[in-house]
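Enquirer: sequence plus predicted model, see below.
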Amino acid sequence: MLNMFISLAISALCSALVVRFVTDSMPIVAAVSIAFFFLPFILIVRVVMKKVEALMMAAQRDVQANRAEKAIANLQSGFKFGAWQFYVKQQIYSQIGSIQYMTRDFNAAIPNLEKGFVRNWVSMAMLGIAYMKKNKTSKMAETFDKAISGSRKEPMVYALYAFCLEKIGERAKAIATLEKGLKKTAADERLQENIERLQAGKKMKMKGFGDMWYQFHLEKQGAIIKKQTKAMTGRRKQVVR
């Protein structure tokens with residue numbers, strides 16, 4: 001990464017100047033070398049990440065305004081920052097893939113999600129679900145395992161994995177996944193409820209996770225439309241009052 005090379009170059013130059021004009025004491029030279037590596041490194045990281053965050057925020061506003069193509073184009077312009085900072089490209093791929101997934105462009109989303117950031121559990125979960133929809137169950141399991149390893153305390157990632165496992169007929173594994181999540185997430189009530197539902201032979205209940213659940217497109221389209229219609233009706237009633 002360019003920031004590392006620049007920081008190393010500055011560190012080496014400052015160390016050489018200290019040895020040449022100040023002292024050849026190794027502890028002092030080492031201290032100068034370390035200081036003049038981390039100072040520019042941290043500064044460059046902050047500058048680059050501010051620019052990346054600005055792109056992310058702009059993309060989020062575009063998505064909210066139903067301008068998905070513009071959001072993706074803006075994010076793609078941020079690939080140039082990948083040469084400066086570790087994991088920037090992976091984070092951008094995650095965001096692009098997530099937008100494509102949410103707009104149901106699954107075929108376009110998968111390659112971007114595959115190149116995404118492992119610690120972004122939302123994009124990893126989307127990739128796992130996409131694999132399930134294509135009957136690639138081994139890849140689904142592998143992807144969800146990665147998502148969990150990067151976000152062990154996130155209840156929803158366990159619930160999504162369990163939902164997919166139950167959907168492909170692996171109810172016992174779904175229960176085991178939820179039980180694992182229960183231990184890692186301070187006994188999340190939603191996970192406990194779904195363990196009990198699966199043990200009773202019922203379907204999982206995901207509405208406890210709020211609107212975030214619907215972005216994964218695991219709910220039937222009719223149910224989503226019904227929910228949106230109900231919300232709109234409720235707002236109209238409030239206006240009438």
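Expert: Arrived safely.
Enquirer: show me the contacts for the closest residue to Ile96 other than its chain neighbours.
Expert: In space, and not counting its chain neighbours, Ile96 is closest to Asn112: 4.7 Å by CB to CB, 6 or more residues apart in numbering. Every residue, glycine included, has its C-beta placed from N, CA and C. The contact partners of Asn112, by CB atoms under 8 Å, 6 or more residues apart in numbering, come to Tyr93, Ser94, Ile96, Gly97, Gln100.
Enquirer: host element of Asn112?
Expert: helix 106-114 (DSSP states H and E).
Enquirer: who's in contact with the following helix or strand past that helix?
Expert: Sequence-wise, the next helix or strand downstream of helix 106-114 (DSSP H and E) is helix 121-133. Residues from elsewhere that reach helix 121-133 (CB under 8 Å, 6+ apart): 94-95, 97-98, 101, 106, 109-110, 113-114, 116-118, 137, 139-141, 143-144, 146-148, 150-151, 154, 156-157, 160-161, 164, 167-168, 216-218.
Enquirer: list the buried residues for helix 121-133?
Expert: Within helix 121-133, the residues scored as buried using 16 or more other CB atoms under 10 Å are Trp121, Val122, Ser123, Met124, Ala125, Met126, Leu127, Gly128, Ile129, Ala130, Tyr131, Met132.
Enquirer: the inter-axis angle of it versus helix 106-114?
Expert: For helix 121-133 against helix 106-114, the angle by axes from the mean of the first three to the mean of the last three CA atoms, to 10 degrees is 130 degrees.
Enquirer: so what does the helix or strand containing Ile6 touch, helix or strand wise?
Expert: Using DSSP H and E, Ile6 sits in helix 2-21. Counting contacts by 3 or more CB pairs under 8 Å, 6 or more residues apart in numbering; DSSP states H and E, helix 2-21 is packed against helix 26-64.
Enquirer: gap between the next helix or strand after the helix it packs on and the chain center?
Expert: Counting by DSSP H and E, the next helix or strand C-terminal to helix 26-64 is helix 68-76. Here helix 68-76 is found 17 Å from its chain centre; the criterion is CA atoms, centre = their mean, to the nearest Å.
Enquirer: quick one: helix 68-76 to helix 26-64, angle?
Expert: Taking the same axes, to 10 degrees, helix 68-76 and helix 26-64 form an angle of 170 degrees between their directions.
Enquirer: who touches helix 68-76?
Expert: So helix 68-76 is contacted by 55-56, 58-60, 62-63, 92, 95-96, 99-100, 102-103 (CB under 8 Å, 6+ apart).
Enquirer: lowest-pLDDT helix or strand in this protein?
Expert: Of all helical and strand segments in the chain, the minimum by mean pLDDT, DSSP states H and E falls on helix 221-240, at a mean of 48.
Enquirer: quick one: low-confidence ranges for this protein?
Expert: Across the chain, the ranges flagged by pLDDT under 70 are 1, 221-241.
Enquirer: Met206 is in contact with Glu193, correct?
Expert: No - the pair Glu193 and Met206 does not pass the contact test of CB atoms under 8 Å, sitting 10.3 Å apart.
Enquirer: who's more crowded, these two?
Expert: Between Glu193 and Met206, Met206 has the larger neighbour count (other CB atoms under 10 Å), namely 20 against 15.
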